[in-house]
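Student: Pasting the sequence and the predicted model now:
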2 protein chains.
Amino acid sequence: MPNHKPIERTSVSRAAMPPRAEVMTIREMCEAFEVTPRTLRFYEQKELLFPIRQGTRRLFTRRDRARLKLILRGKRFGFSLEDIRQLLDMYDRDPGQQEAQLSRTYALAQERLAAMEAQRDELNEAITDLKAQMAWGQDMLTALRRSNRP
Amino acid sequence: MPNHKPIERTSVSRAAMPPRAEVMTIREMCEAFEVTPRTLRFYEQKELLFPIRQGTRRLFTRRDRARLKLILRGKRFGFSLEDIRQLLDMYDRDPGQQEAQLSRTYALAQERLAAMEAQRDELNEAITDLKAQMAWGQDMLTALRRSNRP
DNA sequence: CGTTCCATTTACGTCAACGTCAAAGACTCT
DNA sequence: AGAGTCTTTGACGTTGACGTAAATGGAACG
């Protein structure tokens, strides 16, 4: 029985690094952001992230982390990955057009907001209707039970 | 120029039928329920509908119409077609177990309701957050505009 | 040097509810 | 009999965001 405690192989080198590591491995990223490795590779392939390489291994920089934050935020709002890519791209291309970029982003956000509110309203209508149906079913059930075993 | 007015080919035979036609053609169904032919054929293939045949053509009975109504209602509530099929099947199998059937349906409806409410809550949170982000962006924009052209 | 354990690459699979052809009837009017 | 207009069947395509499996590679531990 070699060792009980799993050895943290890279614990020495990582402990020697500055408190907030410059780069993170794929696994560290996964834990930090609650995503799978597949997701990170997928995002790289879709040009949403650009991890550097140490040999063949990916190392995610602060930039990648900032981007991933934005990606996950965008997803919550219902933006597609393609939408998000275009936005991030825009900010990357020329770091001068701040105003134009922000106003473009704002416009897209407005669209999204409207869509989300529409969806919520539909959902609420459906919920209301379902509740009505259920009330009806409830009554039906009571009546049935009464007649089945009085 | 043969005729301007499009002739209703089946107008005679259909006019001869009782006021509320016993069966409907696929096209009539599509118009009545705002679905495509593909949808109706798909539902038949999935054993949600059972139109009879006149030669090769489908004729949808009152039963089909009742089922379709339920199918579309179920869809609004977020039930999958498979869920719906099972429910309809259940009611079909033995028209005796009314109480058991209704109570099963009620239970499923409760699940659905909970899911829908959860989804709505998530959506609402996202909406709130997006609005917050947008307010921030709004401020940013104002500040940028002020500094860009004062 | 061998074992272990990651990581990577590649590529096909998934899921739902249809959409979108294409080819071949089928019906009716003329 | 031809023309025009449905209808049907069959089968592959679509969409998004990954999941999953297989084969390969490399690094650290012992």
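Tutor: It's in. Numbers count the residues shown, from 1 in each chain, chains lettered A, B, ... in the order given.

Student: For chain A, which residues are neighbours of DNA strand C?
Tutor: A:Thr25, A:Ile26, A:Arg27, A:Pro37, A:Arg41, A:Thr56, A:Arg57, A:Arg58 (Cβ under 7 Å from any atom of the strand). C-beta coordinates here come from the backbone N, C-alpha and C atoms, glycine included.

Student: which element is the nearest residue to the first one once chain neighbours are set aside on?
Tutor: In other words, A:Thr25. For A:Thr25, ignoring the flanking residues on the chain, the nearest one in space by Cβ to Cβ, 6 or more residues apart in numbering or on different chains is A:Leu59 at 6.7 Å. Using DSSP states H and E, A:Leu59 falls within strand A:57-59.

Student: Quick one: the helices in chain A, in order.
Tutor: For chain A, applying DSSP state H gives helices covering A:11-15, A:26-33, A:37-45, A:62-76, A:81-93, A:98-148.

Student: These into JSON lines, with extra columns for mean neighbour count and mean pLDDT?
Tutor: As requested, the helices of chain A are exported to JSON lines (neighbours: other Cβ atoms under 10 Å in any protein chain shown; pLDDT from 0 to 100):
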{"stretch": "helix A:11-15", "mean neighbour count": "9", "mean pLDDT": "39"}
{"stretch": "helix A:26-33", "mean neighbour count": "15", "mean pLDDT": "98"}
{"stretch": "helix A:37-45", "mean neighbour count": "15", "mean pLDDT": "98"}
{"stretch": "helix A:62-76", "mean neighbour count": "16", "mean pLDDT": "98"}
{"stretch": "helix A:81-93", "mean neighbour count": "15", "mean pLDDT": "97"}
{"stretch": "helix A:98-148", "mean neighbour count": "14", "mean pLDDT": "96"}
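
Student: Mind putting the ones you listed into CSV with distance to B:Ala114?
Tutor: Converted to CSV, these look like this (distance: least, Cβ to Cβ, whole Å):
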stretch, distance to B:Ala114
helix A:11-15, 43
helix A:26-33, 28
helix A:37-45, 28
helix A:62-76, 21
helix A:81-93, 29
helix A:98-148, 10
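
Student: so what are the domain limits for chain A?
Tutor: A:15-80, A:94-150 (automatic domain parsing).

Student: and the ones you listed as CSV, adding distance to B:Glu31?
Tutor: Below are the domains of chain A laid out as CSV (distance: least, Cβ to Cβ, whole Å):
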stretch, distance to B:Glu31
domain A:15-80, 33
domain A:94-150, 23
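
Student: Check which helices and strands the strand holding A:Leu59 is in contact with.
Tutor: Applying 3 or more Cβ pairs under 8 Å, 6 or more residues apart in numbering or on different chains; DSSP states H and E, one finds that strand A:57-59 makes contact with helix A:37-45, strand A:52-54.

Student: Good, wrapping up.
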